[in-house]
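Colleague: A structural model of the following input is requested.
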Amino acid sequence: MKILVGYDHSGVSEALLNLAREHALAFKAEICLMTSLEQGSTLKNEDVQRAESRLDRAMALYKADGIACETKVSVSYLGAGEDLVKYAVENAMDEIIIGVKRRSKVGKLMFGSNAQYVILKAPCPVVSVK
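Modeller: Model (predicted):
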């Protein structure tokens, strides 16, 4: 079993990592920690390096428990939700675990919701953490 974790180092990150750990241990699964960065004029090399460093620190938690884990920083012109779904399809993921940010209805209409996109378009079950 392969679990994709959409990791953005937000306020729910600790709960997200803990749930992924529980699922990996229960299902003897591999974990892929993924951060999606949108390509654009404001993205700097330091942003990519910071994301890689955060993923490496998170991966160490899994390695200590003997859980197979890899990391991926994706830089593309896709939104984070689209990028996660694309990766899940291409790599035959069995489950996706994502964090959900609370946002008003107006905010969701104006800016969309990465979590909503993943939940509706994913090729596998999605577990959301808030």
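
Colleague: So residue 6 sits against residue 122, correct?
Modeller: No: taking CB atoms under 8 Å as the definition, residue 6 is not a contact partner of residue 122, at 10.4 Å. Quick note: C-beta positions are derived from backbone N, CA and C, even for glycine.

Colleague: now residue 34, nearest residue through space, not along the chain?
Modeller: If you skip the residues right next to it in sequence, residue 34 has residue 72 as its closest partner in space, 4.5 Å away by CB to CB, 6 or more residues apart in numbering.

Colleague: Dihedrals phi and psi, that neighbour?
Modeller: Here is the backbone geometry of residue 72 (degrees, to the nearest 10): phi -150, psi 120.

Colleague: Number the residues from 802 up from this point.
Modeller: In the new numbering, first residue 802, that becomes residue 873.

Colleague: can you tell me how far residue 927 sits from residue 854?
Modeller: Distance of residue 927 to residue 854, computed by CB to CB, to the nearest Å: 27 Å.

Colleague: So between those two, which is more surrounded?
Modeller: A count of neighbours by other CB atoms under 10 Å puts residue 927 above the other of residue 927 and residue 854, at 20 against 12.

Colleague: so after the helix or strand of the chain with the lowest mean pLDDT, what's the next helix or strand?
Modeller: Taking mean pLDDT, DSSP states H and E as the measure, the helices and strands of the chain show their lowest mean at helix 906-912, namely a mean of 49. Stepping forward along the backbone from helix 906-912, the first helix or strand reached (DSSP states H and E) is helix 915-922.

Colleague: Output the contacting helices and strands for that following helix.
Modeller: Identification of packing neighbours for helix 915-922 by 3 or more CB pairs under 8 Å, 6 or more residues apart in numbering; DSSP states H and E yields helix 881-891, strand 896-900, strand 927-930.

Colleague: Test my guess that the residue nearest to residue 835 contacts residue 832.
Modeller: No: counting by CB under 8 Å, no contact exists between residue 873 and residue 832, whose distance comes to 11.0 Å.
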